[in-house]
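Engineer: I would like the atomic coordinates for the input below:
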Amino acid sequence: MIKRFSELGINTQLEHSLDELQFSKPTDIQKKTIPLILNAKKDIVALAKTGTGKTAAFGLPLLQLINIDSINLQAVILAPTRELGQQIYTNLISYAPNNSSISIASICGGTPIKPQIERLQEKTHMVVATPGRLVDLINRKAINLKNVDFLVLDEADEMVTSLKEDLDPIVTEIPKTKRTFLFTATMSGAIKQLVQNYLTKHPTHIEVDMATTGHKGIDHEYIVVEPIEKLDVLLHFLSTKEGERGVIFCKTKAAVNKLAKNLAINKFSSGSLHGSLTQGIRDRVMRQFREGQINILVATDLASRGIDVKEITYVINYHLPDTYDAYVHRSGRTARAGAKGLSLTILQKEEEIDIADFENELGIVFHKSKKADAQSIEENNSLLWAKKIFKTKPNREVSDSFKGKIKTIFHHLTKEELIEKVLANHLEQSNKETPLRKKKK
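Structural biologist: This is a model prediction of the structure:
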């Protein structure tokens, strides 16, 4: 049994960097891919689900194969989103030995192009790019791909559309002698066409255990709710996970904004992420999430790639995704690096029938979880109300005379009596505002 990266051919310097990162032993995709990239000469098609360690599978051998004595660009890595591109770039930098002379650049879209053009005028051995931005740089004659030896298409199934439009001008600039490594979580007809069009006739195919890999360590659960109680059930769940980090996925940008607003109103430490936000805002939110400044990320499927945070303990599908692949990539945000995690889907009654299709297609089992009862929901909402009051800043514009009149009304009450009266008033108002909620008799 392979226990060390050195057994795969990784050199001492790289392995020392991995030891510092506390990388224990290679994953299945790394065991199968690394020796082939280091020693074989063929193109590779690797089928593996998210969370399996694909970045290290291609990143480590490429770092070892780079000729640091050359000033030429030797490897191009394409990613579907800037978030994933930045994550790959960060990982490559962390893998490289401390005294490494390997020069790596991130040239992804969503940020000003001028600094990237200036960066490429310096020695660069590897670039991580989004397809559209790389084509833009090619058209501006700002990048030279004439000496590239390796082309990596990471998460190819997530950028099929952009690759159809942009791969031709990229491949045209790269020597035919280059080796191509394509990584994908699904093998759709579009991916098969990409392989046929852009890889050698007989590439080496790698597949890890697709029935389980990418789902290991994840508990898949669902709750059935009425539409009117969906938010309350979510808030109750989040209250049980206080201090933990999670991602909530919605189908649309509008839904993300609405839910994020509700979380903010209820004083949850959260941020939102979707394609209409500026890149600067997206970067700031992601940085806050990675650094633990916020605990909850509300996002569209844009965020199902590029979030490699080990401490994410749960993922919530506030809306059931449209595709099986989307569910895989969403749930794969949790249970990273061998940890355990929960993927919880909140459904309406008419959607429950779809669960069997997800189970059959993905080879996983969903467990039906019982939603919180009406009393627990009501108590949780009252606790959230109390926290909002606690975190409310005093209104300095209220006159002393008016505050004096208010104090006169309450002055004879003890603190306990005041709390009881305020809470009773809150519960009375809550029941008036939500008449459909069943009261405990």
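Engineer: which residues does the residue lying closest to A156 once chain neighbours are set aside contact?
Structural biologist: The shortest distance from A156 to any non-neighbouring residue, by C-beta to C-beta, 6 or more residues apart in numbering, is to T184 (4.5 Å). For the C-beta atoms, the positions are set from N, CA and C on the backbone; glycine is no exception. The contact partners of T184, by C-beta atoms under 8 Å, 6 or more residues apart in numbering, come to V45, A46, L47, E155, A156, D157, I191.
Engineer: Surely the third one is in contact with V195?
Structural biologist: Read it as L47. No - between L47 and V195 there is no contact under C-beta atoms under 8 Å: 10.8 Å.
Engineer: re the thing from before, for the residue nearest to A156, give me phi and psi.
Structural biologist: Backbone torsions for T184, taken as degrees, to the nearest 10, come to phi -150, psi 150.
Engineer: Report pLDDT for it.
Structural biologist: We have a pLDDT of 88 for T184.
Engineer: hey, where'd the helices end up in the stretch 1-150 of the chain?
Structural biologist: Counting by DSSP state H, counting those that start in this stretch, the stretch 1-150 of the chain has helices at residues 12-20, 28-39, 54-65, 82-95, 113-120, 131-139.
Engineer: Pick the most buried one from those helices.
Structural biologist: helix 54-65 (a mean of 25; mean count of other C-beta atoms under 10 Å).
Engineer: Nearest spatial neighbour of L145, chain-adjacent residues omitted?
Structural biologist: E173 (4.0 Å).
Engineer: how much space between that neighbour and R140?
Structural biologist: Separation of E173 from R140 (C-beta to C-beta, to the nearest Å): 13 Å.
Engineer: Have a look at the two and say which one is more surrounded.
Structural biologist: Taking neighbours as other C-beta atoms under 10 Å, E173 and R140 compare with E173 leading, 16 against 10.
Engineer: show me the contacts for that one.
Structural biologist: I138, L145, K146.
Engineer: so can I have a markdown table of those residues showing distance to S369?
Structural biologist: Converted to a markdown table, those look like this (distance: C-beta to C-beta, whole Å):
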| residue | distance to S369 |
| --- | --- |
| I138 | 50 |
| L145 | 51 |
| K146 | 56 |
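Engineer: Can you pull out the low-pLDDT segments for this protein?
Structural biologist: Counting by pLDDT under 70, the chain contains low-confidence ranges at 1, 50-51, 209-216, 303-308, 337-338, 432-441.
Engineer: buried sites along stretch 396-410?
Structural biologist: The neighbour-count check on stretch 396-410 (16 or more other C-beta atoms under 10 Å) flags nothing as buried.
Engineer: mind checking how far that stretch is from the chain centre?
Structural biologist: Relative to the chain's own centre, stretch 396-410 is displaced by 49 Å; criterion: C-alpha atoms, centre = their mean, to the nearest Å.
Engineer: Show me what it is in contact with.
Structural biologist: Under C-beta under 8 Å, 6+ apart, the answer for stretch 396-410 is L418.
Engineer: One more: stretch 290-300?
Structural biologist: Counting by C-beta under 8 Å, 6+ apart, 238, 243-253, 256, 259-260, 263, 268-275, 285, 287-289, 303, 307, 309, 311 sit against stretch 290-300.
Engineer: at 7 Å instead, please
Structural biologist: 238, 243-250, 252-253, 256, 259-260, 263, 268-275, 288-289, 303, 309 (C-beta atoms under 7 Å, 6 or more residues apart in numbering).
Engineer: Show me which of those are buried.
Structural biologist: The neighbour count (16+ other C-beta under 10 Å) marks 238, 245-250, 253, 256, 259-260, 263, 268-274, 288-289, 303, 309 as buried among the contacts of stretch 290-300.
Engineer: who touches the nearest residue to I77 once chain neighbours are set aside in this structure?
Structural biologist: Distances taken as C-beta to C-beta, 6+ apart place V152 nearest to I77, at 4.3 Å, with adjacent residues excluded. Contacts of V152 were listed using C-beta under 7 Å, 6+ apart, and they are F58, I77, L78, F181.
Engineer: Report the two of the residues you listed separated the most.
Structural biologist: Spanning the widest gap among the contacts of V152 are F58 and L78, at 11.5 Å by C-beta to C-beta.
Engineer: Now stretch 173-192: buried residues?
Structural biologist: Under 16+ other C-beta under 10 Å, the buried positions of stretch 173-192 are 173-174, 178-187, 190-191.
Engineer: from the chain's centre, how far out does it sit?
Structural biologist: In terms of C-alpha atoms, centre = their mean, the centre of stretch 173-192 is found 23 Å from the chain centre.
Engineer: Repeat that for stretch 42-56.
Structural biologist: Centroid separation for stretch 42-56 versus its chain: 17 Å, with C-alpha atoms, centre = their mean.
Engineer: what's the neighbour count on S103?
Structural biologist: By other C-beta under 10 Å, 17 other residues sit near S103.
Engineer: got a list of what it touches?
Structural biologist: Listed by C-beta under 7 Å, 6+ apart, the contact set of S103 reads K123, T124, H125.
Engineer: dump the residue contacts of I66.
Structural biologist: Counting by C-beta under 7 Å, 6+ apart, I66 makes contact with Q74, A75, I102, H125, M126.
Engineer: Now do the helices in the stretch 301-441 of the chain.
Structural biologist: For the stretch 301-441 of the chain, the helices defined by DSSP H, counting those that start in this stretch occupy 324-331, 355-362, 374-391, 400-410, 415-433.
Engineer: Could you list the buried residues of the third one?
Structural biologist: Taking 16+ other C-beta under 10 Å as the basis for neighbour counts, the residues of helix 374-391 that come out buried are S376, I377, E378, N380, N381, L384, W385.
Engineer: That helix vs helix 415-433, what angle?
Structural biologist: 120 degrees (axes from the mean of the first three to the mean of the last three C-alpha atoms, to 10 degrees).
Engineer: how about the CA coordinates for helix 374-391, as PDB?
Structural biologist: Only the C-alpha atoms of helix 374-391 are listed here, as PDB (Å, rounded to 0.1, in the frame of the first residue of the first chain):
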ATOM      1  CA  ALA A 374     -43.700  24.100  16.000                       C
ATOM      2  CA  GLN A 375     -42.700  24.800  19.600                       C
ATOM      3  CA  SER A 376     -39.000  24.400  18.800                       C
ATOM      4  CA  ILE A 377     -39.300  26.800  15.800                       C
ATOM      5  CA  GLU A 378     -41.200  29.300  17.900                       C
ATOM      6  CA  GLU A 379     -38.600  29.200  20.700                       C
ATOM      7  CA  ASN A 380     -35.700  29.500  18.200                       C
ATOM      8  CA  ASN A 381     -37.400  32.500  16.600                       C
ATOM      9  CA  SER A 382     -37.800  34.100  20.000                       C
ATOM     10  CA  LEU A 383     -34.100  33.500  20.800                       C
ATOM     11  CA  LEU A 384     -33.200  35.100  17.500                       C
ATOM     12  CA  TRP A 385     -35.400  38.100  18.400                       C
ATOM     13  CA  ALA A 386     -33.700  38.300  21.700                       C
ATOM     14  CA  LYS A 387     -30.200  38.300  20.100                       C
ATOM     15  CA  LYS A 388     -31.300  41.100  17.700                       C
ATOM     16  CA  ILE A 389     -32.400  43.200  20.700                       C
ATOM     17  CA  PHE A 390     -29.100  42.400  22.400                       C
ATOM     18  CA  LYS A 391     -27.100  43.500  19.400                       C
END
